[in-house]
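1. After the sequence you'll find the predicted model.
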Amino acid sequence: MSDTPARLLTLLSVLQSGREHSGPELARRLGVSVRTVRRDVDRLRALGYPVAATVGAVGGYRLAAGTAMPPLLLDDDEAVAVAAGLRAVAAGGVEGIEETSVRALAKLEQVLPARLRRRVSALQRATVPLTVSPAGAVAAAGAPVAAEVLAVLAAASSRGEGLRFGYRGKRGGDAPASGAADRVREEPAGSLPARQGEQPPGARRTEPDGGTRRHVEPYRLVSTGQRWYLVAYDRDRADWRSFRVDRIDEPRPTGVRHPPRELPAADAAAFVAESIAGHRGRYRAVVTLHVSLDEAVRRLPHGAGLLEAAGPGRCTLVTGGDALDWLAVRIALLGVDFEVREPPELADFLRDLGDRISRSYPPPPPRPG
């Protein structure tokens, strides 16, 4: 490689991989002599790049930590990841460095190629953060998600284009993504059986590995900090679902645009939060707990609902269920003082329940006089 600037950039890119590279190895990669490699390393050092060298039979070169931040070389996926992360922090993801993130993002986006700016913008438009936590939840280990999968999901969500993909459940098979039982529709009695090779309406198409094929209308991506979820309308099940992105295989756009649908929640983040907690029931309860958020997270059982800070020594619990009596008992047994804000029928039920319990106690015996 005779072009010295291009050769230096290639050498820098190789050294940024983090491991040590021998002189002969770098010479083969660059198509030059070992002596030229040494001169190029000296040029990088003169430019401020801290290239460390070790001697001996197994010696080599590596990029070490320095006192100043030199320019970096990023590939396409790395640049998109950094820009998306900076946008999230600039929006308030990490307190105290929002302004710094905006400045860094401005510098990065100024030099991003148009194709990468479009990818970053699509990911940003299609993503919302999840800012509330399930009660008693323990932070799960982050599941790896391929950047190209996120890019496909984000682009389809932004364009309103349908998607098909394979979906794996917890054990490799299909699992409910919305926290409730994901039932298979059965054919009504007396209906004609499907013809050979056809599937009845709403039936699942099972893959050889036990997963299922999904045909969805993507709505938004949601990031919880540990995991990514896709909120989408499942056309085969005629219902909304949330899908863990790390369980999505080979997403393919259908090329067909769909009109927007109304999400049965305040936003995509609220839908995923309720799905994780498993409380998309008939009744939705909002309760003020007279304990701090940290205390509530520690004391409440897993799956009790969604918690959000509401001031000193107080927090809000959002929960739900299909039966009002069972919902009332669950809240009463939380072991903390509370106040029901909604629905009013739950407050009435708890009031009547408290009166009945009070009347069930016999009057205390008179004190000896």
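-> Looks like it arrived, so ask away. No experiment lies behind these values; they were computed from the predicted model shown. Numbering: from 1, shown residues only.
2. if I look at R28, how far off is V272?
-> Distance, R28 to V272, using C-beta to C-beta, to the nearest Å: 49 Å. The C-beta positions use only the backbone N, C-alpha and C, and glycine is treated the same way.
3. Comparing those two, which residue is more hemmed in?
-> V272 (30 against 12; other C-beta atoms under 10 Å).
4. For the nearest residue to H21 once chain neighbours are set aside, give its distance to V14.
-> With C-beta to C-beta, 6 or more residues apart in numbering as the criterion, H21 has its nearest non-adjacent residue at 5.1 Å, and that residue is G60. The gap separating G60 from V14 is 11 Å, by C-beta to C-beta.
5. again, but for Y167
-> The spacing between Y167 and V14, counted by C-beta to C-beta, is 38 Å.
6. So these two - more neighbours on which side?
-> More crowded of Y167 and V14, by other C-beta under 10 Å: Y167, with 24 against 17.
7. wait, what's in contact with the more buried one?
-> Residues near Y167 by C-beta atoms under 8 Å, 6 or more residues apart in numbering: 174, 177, 211-214, 243, 247-249.
8. next one: phi and psi at it?
-> Phi and psi for Y167, reported as degrees, to the nearest 10, are phi -130, psi 130.
9. Tell me the confidence at it?
-> According to the prediction, Y167 has pLDDT 94.
10. Dig out what it forms beta bridges with.
-> Assessed by DSSP bridges, Y167 has beta-bridge partners T212, I248.
11. Would you mind measuring from it to P113?
-> Taking C-beta to C-beta as the criterion, Y167 is separated from P113 by 33 Å.
12. now A83
-> According to C-beta to C-beta, A83 and P113 sit 12 Å apart.
13. list the helices and strands the host helix or strand of L116 packs on?
-> Using DSSP states H and E, L116 falls within helix 114-125. Helix 114-125 makes packing contacts with helix 76-88, helix 147-159 when contacts are defined by 3 or more C-beta pairs under 8 Å, 6 or more residues apart in numbering; DSSP states H and E.
14. what comes up buried for stretch 214-228?
-> By neighbour count on 16 or more other C-beta atoms under 10 Å, the buried set for stretch 214-228 is 214-224, 227-228.
15. and those, which two are the farthest apart?
-> H215 and T224 (25.1 Å; C-beta to C-beta).
16. I'd say L334 and V291 touch.
-> No. Contact criterion C-beta atoms under 8 Å: L334 and V291 do not qualify, at 9.5 Å.
17. joint contacts of these two?
-> Shared contacts of L334 and V291, defined by C-beta under 8 Å, 6+ apart, comprise R299.
18. Test my guess that the residue nearest to H21 contacts E20.
-> Yes. Assessed by C-beta under 8 Å, G60 is found in contact with E20 at 4.3 Å.
19. shared neighbours of these two, anything?
-> T54.
20. quick one: contacts for F349?
-> Taking C-beta under 8 Å, 6+ apart, we find F349 in contact with 324-325, 328.
21. What helix or strand is it located in?
-> Element membership of F349 [criterion: DSSP H and E] is helix 344-360.
22. Okay, buried residues for that helix please.
-> So, applying 16+ other C-beta under 10 Å, buried residues of helix 344-360: 346-347, 349-350.
23. ok, and what's touching stretch 9-18?
-> By C-beta under 8 Å, 6+ apart, the residues outside stretch 9-18 that reach it are 1, 21, 26, 29-30, 37, 40-41, 44, 49, 51, 61-63, 72-73.
24. picking up where we left off before, dig out what the residue nearest to H21 forms beta bridges with.
-> Here G60, judged by DSSP bridges, has bridge partners T54.
25. mind checking how far V287 is from W326?
-> Distance from V287 to W326, by C-beta to C-beta: 15 Å.
26. returning to that earlier point: tell me which of the helices and strands packed on helix 114-125 sits most buried.
-> Mean neighbours per residue, mean count of other C-beta atoms under 10 Å, is largest over the helices and strands packed on helix 114-125 for helix 147-159, with a mean of 20.
27. And the contacts of that helix?
-> By C-beta under 8 Å, 6+ apart, the surrounding residues in contact with helix 147-159 are 77, 80-81, 119, 122-123, 125-127, 161-163, 218-221, 228, 230, 245, 248, 251-253, 257.
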